[in-house]
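[1] Sharing a model prediction with you, sequence too.
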Amino acid sequence: MTVTIDPTGSATSPAGYRAGAAYAGIKTYGAGKLDLGILVSDHPATAAGVFTRSRLHAATIDVSRERLEGGQGRAVVVNSGNANASTGERGLQDACRMAEIAATKTGLSTDAMFVNSTGVIGHHLPMDKIEAGIEAVELSANGGDDFARAILTTDLVPKHCSVRFGPYTLGGCAKGSGMIHPNMATMLAYLTTDAPIDREALQTALSEATDRSFNLITVDGDTSPSDTVLLFANGAAGGDAIMPGSEHYDAFREALDAVCIFLAKAIARDGEGATRLIEITVNGAASEADARRLVRDIGTSPLVKTAVHGADPNWGRVAGVIGRSEVAIVEEAVTIAVCGHRLFERTVPIPYEEAEVSRAMSGEEVTIEVSLGAGEASATGWTCDLTAEYIRINADYTT
């Protein structure tokens, strides 16, 4: 199957989903910006989720994990500007209340409503604004774009798309720009499909797709207390339940991977202060774990990221990361290439035209490819360059 991503699609592209958003005044940076959204399935749905592993996670994570235990869920309410994290018992009560208000608004049971918050840590939710914002939300089948905008914090652009597979559609949106280094980024992602997916198959597919996408991006090496990926399957397009071995299962998995990777790359591309997307591929690793670890090590190196920002083909920065990493290597087999130019192999540098490689690194996307000669495993992940603008954004984030 050839997957064609529609970047204009959204979480409401599949049949049977509505969404909407409002500005409740929670997010103080930029009056008029949307900061509260609701996404709902008009039909009963199977749900799957992946959450942050942070031990100091947001109160909404506890609530959403509890909802997921039943494997059913039809909606999510999200606010941006306030993470409701490290807020104690009141934070948990506020998260439950937020879900309850949204459930009443949509005519659903409270157990069917997931809840997320993203933004500044350590502040209680302004529940009067939350309640007013929820009441102001107008749901529609065309509301996917507004929902994608409502979940943004320091993001510069909304991130959404859809794809067709067989008679079905899979859509989604995500947010994330800083505090991105998922371990399951501040990142949230919401995925929807009108295909009827078996619950166990849905969770397995989401967990594996997340590992190949959101868990292989990084902006700054810092994880968030709010990371959540939710996937709803409402079966509105009809047909028999999709499960391993069934007619559309492989196409579903391919479509899910494609959407997750598209959104993951969009997050890395929109990293705080970023000017370039960096794609890192590690080949010849002794294990997939080694390949993934080195991708993340290279992606979080300030020296690599600043070299890319300056279009400086200083491959020694990459070599330094390989050398300090704890992954297995065969030294005489290690190679390093940047933007398709082989710069190092067999323990020695390869002569190259510095100006030519620098020009290649000046584009919007830069590739770094490493081979370790230690096995057959590989992994690809994404990060962005490190700029002075990133420092400016985070030096006065709350002031």
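    Noted; the coordinates are in hand. Numbers count the residues shown, from 1 in each chain.
[2] Where does pLDDT dip in the stretch 251-399 of the chain?
    397-399 (pLDDT under 70).
[3] Do a quick rundown of the helices in it.
    With DSSP state H, counting those that start in this stretch, the ranges of helices along the stretch 251-399 of the chain come out as 288-299, 302-309, 316-324, 354-360, 388-395.
[4] To residue 61, which of the ones you listed lies closest?
    Nearest of the helices of the stretch 251-399 of the chain to residue 61, taken as C-beta to C-beta: helix 288-299 at 22.2 Å. Placement of C-beta: from N, CA and C, glycine included.
[5] can you map out the strands along the stretch 51-200 of the chain?
    Residue ranges of the strands in the stretch 51-200 of the chain, as given by DSSP state E, counting those that start in this stretch, are 75-82, 113-120, 159-165, 168-175, 188-193.
[6] hang on, the earlier thing: need the helices of the stretch 251-399 of the chain in a markdown table (columns: distance to residue 53).
    As requested, the helices of the stretch 251-399 of the chain are exported to a markdown table (distance: least, C-beta to C-beta, whole Å):
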| stretch | distance to residue 53 |
| --- | --- |
| helix 288-299 | 14 |
| helix 302-309 | 24 |
| helix 316-324 | 24 |
| helix 354-360 | 37 |
| helix 388-395 | 23 |
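[7] Just say which of these is most tucked in.
    The highest mean neighbour count among the helices of the stretch 251-399 of the chain, using mean count of other C-beta atoms under 10 Å, belongs to helix 288-299: a mean of 22.
[8] what angle sits between it and helix 302-309?
    Calculated by axes from the mean of the first three to the mean of the last three C-alpha atoms, to 10 degrees, helix 288-299 forms an angle of 60 degrees with helix 302-309.
[9] elements contacting helix 288-299?
    For helix 288-299, the packing partners by 3 or more C-beta pairs under 8 Å, 6 or more residues apart in numbering; DSSP states H and E come out as strand 277-285, helix 316-324, strand 365-371, strand 377-384.
[10] I'd like the ones you listed laid out as JSON lines, including distance to residue 250.
    Formatted as JSON lines, those follow (distance: least, C-beta to C-beta, whole Å):
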{"stretch": "strand 277-285", "distance to residue 250": "24"}
{"stretch": "helix 316-324", "distance to residue 250": "35"}
{"stretch": "strand 365-371", "distance to residue 250": "28"}
{"stretch": "strand 377-384", "distance to residue 250": "21"}
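[11] Could you point out which of those sits nearest residue 177?
    Closest to residue 177 of the helices and strands packed on helix 288-299, according to C-beta to C-beta: strand 377-384, at 9.6 Å.
[12] Show me what the closest one is packed up against.
    Applying 3+ C-beta pairs under 8 Å, 6+ apart, we find strand 377-384 packed against helix 249-269, strand 277-285, helix 288-299.
[13] which one of the ones you listed lies closest to residue 207?
    By C-beta to C-beta (comparing all of the helices and strands packed on strand 377-384), the closest turns out to be helix 249-269, at 10.8 Å.
[14] In that closest one, which residues are buried?
    By neighbour count, with 16 or more other C-beta atoms under 10 Å as the criterion, the buried positions of helix 249-269 are 249, 251-269.
[15] Send me that helix as PDB with only the CA atoms.
    Presented in PDB, the C-alpha positions along helix 249-269 are these (Å, rounded to 0.1, in the frame of the first residue of the first chain):
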ATOM      1  CA  TYR A 249      -4.900  -4.900   9.300                       C
ATOM      2  CA  ASP A 250      -1.600  -4.300   7.500                       C
ATOM      3  CA  ALA A 251      -3.000  -1.300   5.800                       C
ATOM      4  CA  PHE A 252      -4.200   0.100   9.100                       C
ATOM      5  CA  ARG A 253      -0.700  -0.400  10.700                       C
ATOM      6  CA  GLU A 254       1.000   1.300   7.700                       C
ATOM      7  CA  ALA A 255      -1.500   4.200   7.900                       C
ATOM      8  CA  LEU A 256      -1.000   4.600  11.600                       C
ATOM      9  CA  ASP A 257       2.800   4.600  11.300                       C
ATOM     10  CA  ALA A 258       2.600   7.200   8.500                       C
ATOM     11  CA  VAL A 259       0.400   9.600  10.500                       C
ATOM     12  CA  CYS A 260       2.500   9.200  13.700                       C
ATOM     13  CA  ILE A 261       5.700   9.800  11.800                       C
ATOM     14  CA  PHE A 262       4.300  12.800  10.000                       C
ATOM     15  CA  LEU A 263       3.200  14.400  13.200                       C
ATOM     16  CA  ALA A 264       6.400  13.500  15.000                       C
ATOM     17  CA  LYS A 265       8.500  15.200  12.400                       C
ATOM     18  CA  ALA A 266       6.200  18.200  12.500                       C
ATOM     19  CA  ILE A 267       6.900  18.500  16.200                       C
ATOM     20  CA  ALA A 268      10.700  18.400  15.700                       C
ATOM     21  CA  ARG A 269      10.500  20.800  12.800                       C
END
